[in-house]
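A.B. asks: can you look at this prediction? I've put the sequence above it.
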Amino acid sequence: MASGAIHVDDATFKKVVLDSPVPVLVDFWAKWCAPCRQMGPIVDELAGQFEGRARVVKVNVDDAKRTATKYGIRSIPTFGVFWQGELVSTLVGARPKPELVKALERVGA
C-alpha cells in the first residue's frame, strides 16, 4: 500500500496532475485549516485504495498560490478530480470518504 498522497506545488502540478495517465484526486488544503487536517488520513487512505488506478495528491494553497488561483480555490478543503489534463469535478468542504470514492470512480478509476 502507498504511504499516502503525493505532495505537489506550482512547479510539479503540470507533470504530476495534468500529464497523469490516470485520474487524479487533488486535495487543496493548508496547514492552518482544521477541516483539512481532519481529511488528511482519509486522503492518505484513498491514495492506498486507488494505487495503480488513480493518483491522490495534496496541494498546499499557501505554497502553490498560482495553482490555487488558476483553479479558483476560495474555500478549503476543496477536492478536484482531474482526468486527461482537465478539471472534471470539484467538491468543496470536508466530504465523507464514499463521496470522494464515487468522484474518482465516475472517471474510471
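C.D. replies: Now that the structure is in, tell me what you want to look at.
A.B. asks: remind me which residues of this structure are low pLDDT?
C.D. replies: 1-3 (pLDDT under 70).
A.B. asks: now the helices for it?
C.D. replies: Assigned by DSSP state H, the chain shows helices spanning 13, 34-49, 65-70, 97-105.
A.B. asks: for the ones you listed, which one ends up most surrounded?
C.D. replies: helix 13 (a mean of 21; mean count of other CB atoms under 10 Å). In this view, the C-beta of every residue, glycine as well, is placed from N, C-alpha and C.
A.B. asks: what sits against the spatially most central residue of the chain?
C.D. replies: Nearest to the mean C-alpha position of the chain, by CA atoms, centre = their mean, lies Val26 at 1.3 Å. Applying CB atoms under 8 Å, 6 or more residues apart in numbering to Val26 gives the contacts Val17, Val57, Lys58, Val59, Phe79, Gly80, Val81, Phe82.
A.B. asks: returning to that earlier point: nearest to Ile6, of the helices of the chain?
C.D. replies: Closest to Ile6 of the helices of the chain is helix 34-49 (CB to CB; 7.6 Å).
A.B. asks: just the C-alpha atoms of that closest one, please, in PDB.
C.D. replies: Coordinates of each C-alpha in helix 34-49 appear next as PDB, following Å, rounded to 0.1, in the frame of the first residue of the first chain:
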ATOM      1  CA  ALA A  34      -8.700  22.300  10.800                       C
ATOM      2  CA  PRO A  35     -11.100  20.500   8.400                       C
ATOM      3  CA  CYS A  36      -8.200  20.000   6.000                       C
ATOM      4  CA  ARG A  37      -6.200  18.300   8.800                       C
ATOM      5  CA  GLN A  38      -9.300  16.200   9.600                       C
ATOM      6  CA  MET A  39      -9.400  15.000   6.000                       C
ATOM      7  CA  GLY A  40      -5.700  14.100   5.800                       C
ATOM      8  CA  PRO A  41      -6.000  10.500   7.000                       C
ATOM      9  CA  ILE A  42      -8.900   9.900   4.600                       C
ATOM     10  CA  VAL A  43      -6.900  11.300   1.700                       C
ATOM     11  CA  ASP A  44      -4.000   9.100   2.500                       C
ATOM     12  CA  GLU A  45      -6.300   6.000   2.700                       C
ATOM     13  CA  LEU A  46      -7.600   6.800  -0.700                       C
ATOM     14  CA  ALA A  47      -4.000   7.000  -2.100                       C
ATOM     15  CA  GLY A  48      -3.500   3.400  -1.000                       C
ATOM     16  CA  GLN A  49      -7.000   2.300  -2.000                       C
END
